[in-house]
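Peer 1: Test case, fold it:
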Amino acid sequence: MPNLVKAWNIETNADQSLSGPVGQVYSLVVGTDLLFAGTQDGSILAWRYSAATNCFEPAASLTGHTLGVVTLYVGANRLYSGSMDKSIKVWSLDNLQCIQTLTDHTSVVMSLICWDQFLLSCSLDNTVKIWAAVEGGNLEVTYTHKEEHGVLALCGVHDAEAKPVLLCSCNDSALRLYDLPSFTERGKIFAKQEIRSIQIGPGGIFFTGDGTGQVKVWKWSTAPTTAAMS
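Peer 2: Modelled structure (predicted):
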């Protein structure tokens, strides 16, 4: 929503409006005891929940991006932010300081995930990049996977045999499934419009949300002829 973040208590249905964002709020993530929001003006706002007052209180504003923050991810005591300014910033959750800026993408950074010791990023520049820490702790690109279309969303799952698979949504309304770490294509899932959101559920289930407003639920099939079924 523009200029606002809404929080709901799912037990009581009580809601709270968190003010502070300027423009559209593009992304939300929870890390340690903080709620982070990526906003249109390039800032990342943080709130901390107070049990004493039963409300969220402003904790910090992280600045550095020059355009909207599209994606946020928390992993390994780090906050990762991807932006329309084509950069990824790495923030320490201990002091909320930016410790590295990654500028290898040439268009909007759409999605970020951590997998084992790697950071995976995707962009409208038609690439998925795999980042790993080098000596000294900084992240560098170790592999670039190229697609024919802009890449919108990433999600890491395990198949019915517990093998790692990367779900990769592209601008052509298809979701590609890749074995990791080989990036061998397992198959495709087609939607009527682009898939913007992928989420993991319990028991091998995952969810996709596309531009038509539809949410689909997928479960891995144990049959060898199909990768997944609805």
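Peer 1: So what are the sheet partners of the one helix or strand V29 maps to and their directions?
Peer 2: Element membership for V29 (DSSP states H and E) is strand 25-31. Strand 25-31 has its sheet partners listed here by DSSP bridges as strand 34-39 (antiparallel).
Peer 1: Just after the strand it pairs with, pick out the following helix or strand.
Peer 2: Following strand 34-39 toward the C-terminus (DSSP H and E): strand 44-50.
Peer 1: ok so, going back, got the angle for the strand holding V29 vs strand 44-50?
Peer 2: Angle of strand 25-31 versus strand 44-50, following axes from the mean of the first three to the mean of the last three CA atoms, to 10 degrees, is 50 degrees.
Peer 1: got the buried residues for strand 25-31?
Peer 2: 25-27, 29, 31 (16 or more other CB atoms under 10 Å). All C-beta atoms are positioned from the backbone trio N, CA, C, and that covers glycine.
Peer 1: Just the closest of the residues you listed to Q199, please.
Peer 2: Q199 has its nearest neighbour among these in V29, at 12.8 Å by CB to CB.
Peer 1: Where does the prediction get shaky in the chain?
Peer 2: 223-230 (pLDDT under 70).
Peer 1: any idea how far the nearest residue to D41 once chain neighbours are set aside is from T71?
Peer 2: Using CB to CB, 6 or more residues apart in numbering and skipping the chain neighbours, the partner closest in space to D41 is V22 (4.3 Å). To T71, V22 is 18 Å away according to CB to CB, to the nearest Å.
Peer 1: F118 too?
Peer 2: Distance of F118 to T71, computed by CB to CB: 16 Å.
Peer 1: Settle it for me: which of the two has more neighbours?
Peer 2: Shown here are F118 and T71; by other CB atoms under 10 Å, T71 has more neighbours (23 against 18).
Peer 1: Now do the contacts for the nearest residue to T63 once chain neighbours are set aside.
Peer 2: With CB to CB, 6+ apart as the criterion, T63 has its nearest non-adjacent residue at 5.3 Å, and that residue is S43. Contacts for S43 (CB atoms under 8 Å, 6 or more residues apart in numbering) come out as 21-22, 61-63, 65, 69.
Peer 1: one more time with 10 Å, if that's ok
Peer 2: Residues counted as contacts of S43 (CB atoms under 10 Å, 6 or more residues apart in numbering) are 20-23, 37, 61-65, 68-69.
Peer 1: Likewise for R196?
Peer 2: By CB under 10 Å, 6+ apart, the contact set of R196 is 110-111, 152-153, 169, 208-211.
Peer 1: Of those residues - the most surrounded one?
Peer 2: S169 (29 neighbours).
Peer 1: Need the three-state assignment for that one.
Peer 2: strand (DSSP: H, G, I helix; E, B strand; the rest coil).
Peer 1: How many neighbouring residues does the residue nearest to D41 have?
Peer 2: Neighbours of V22 using other CB under 10 Å come to 13.
Peer 1: does it really touch N3, like I thought?
Peer 2: Yes - V22 lies in contact with N3 (CB atoms under 10 Å); the separation is 6.7 Å.
Peer 1: anything in contact with each of these two?
Peer 2: By CB under 10 Å, 6+ apart, the residues touching both V22 and N3 are 39-40.
Peer 1: what about F190, distance to S169?
Peer 2: Going from F190 to S169 by CB to CB gives 11 Å.
Peer 1: Identify the contacts common to these two.
Peer 2: Taking CB under 10 Å, 6+ apart as the contact rule, F190 and S169 both touch 175, 210.
Peer 1: residues touching N126, list them.
Peer 2: N126 is in contact with 106-107, 145-151, 170-171, counting by CB under 10 Å, 6+ apart.
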